[in-house]
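Participant: Got a predicted structure here, sequence first:
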Amino acid sequence: MIDNNSSSKVFRKENIKRVVSVFILRQRSSIDETQVALFRRCSSMPSFPNHWAAISGSIEKHDASPFAAAVREIGEETNLGELLGD
């Protein structure tokens, strides 16, 4: 619930940041297991440096769609971009 009387947070369109997160899963049916790929964030990242996370990033104005932004982020943050045609 949003408290309309609260001045601590302002919900304005210009304050909203559109982001994508990509989770890469590997199903191993032989042992009934699903693995999730996580990537260690760079030590120079301003938020959560050296933490493990999914691939994520902002949707840029030039991205044709959220999917295009996700493919771009995969290419920027891993060496998997070539597999996706990036």
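Facilitator: Sure thing, it's come through. Numbering: from 1, shown residues only.

Participant: From the contact counts, what lies against the helix or strand hosting Phe67?
Facilitator: Phe67 belongs to helix 66-77 when assigned by DSSP states H and E. The helices and strands touching helix 66-77, judged by 3 or more CB pairs under 8 Å, 6 or more residues apart in numbering; DSSP states H and E, are strand 19-22, strand 55-58. C-betas here are computed from N, CA, C, even on glycine.

Participant: what's near enough to touch the residue positioned nearest the centre of the chain?
Facilitator: When CA atoms, centre = their mean is applied to the chain, the residue found nearest the centroid is Ser56 (1.6 Å). Applying CB atoms under 8 Å, 6 or more residues apart in numbering to Ser56 gives the contacts 19-22, 73.

Participant: any idea how far it lies from Asn79?
Facilitator: Ser56 sits 17 Å away from Asn79, going by CB to CB, to the nearest Å.

Participant: Repeat that for Ser65.
Facilitator: The value you get for Ser65 to Asn79, if CB to CB is used, is 23 Å.

Participant: cool, Ile59 as well?
Facilitator: Taking CB to CB, one finds Ile59 at 22 Å from Asn79.

Participant: Report the separation between the two terminal residues of stretch 61-71.
Facilitator: This stretch, stretch 61-71, spans 15 Å end to end (CA to CA, to the nearest Å).

Participant: got it, and stretch 31-51?
Facilitator: First residue to last in stretch 31-51 (CA to CA) measures 28 Å.

Participant: these two touch, right, Thr34 and Phe23?
Facilitator: No: under the criterion of CB atoms under 8 Å, Thr34 is not in contact with Phe23, lying 10.5 Å apart.

Participant: Thank you, goodbye.
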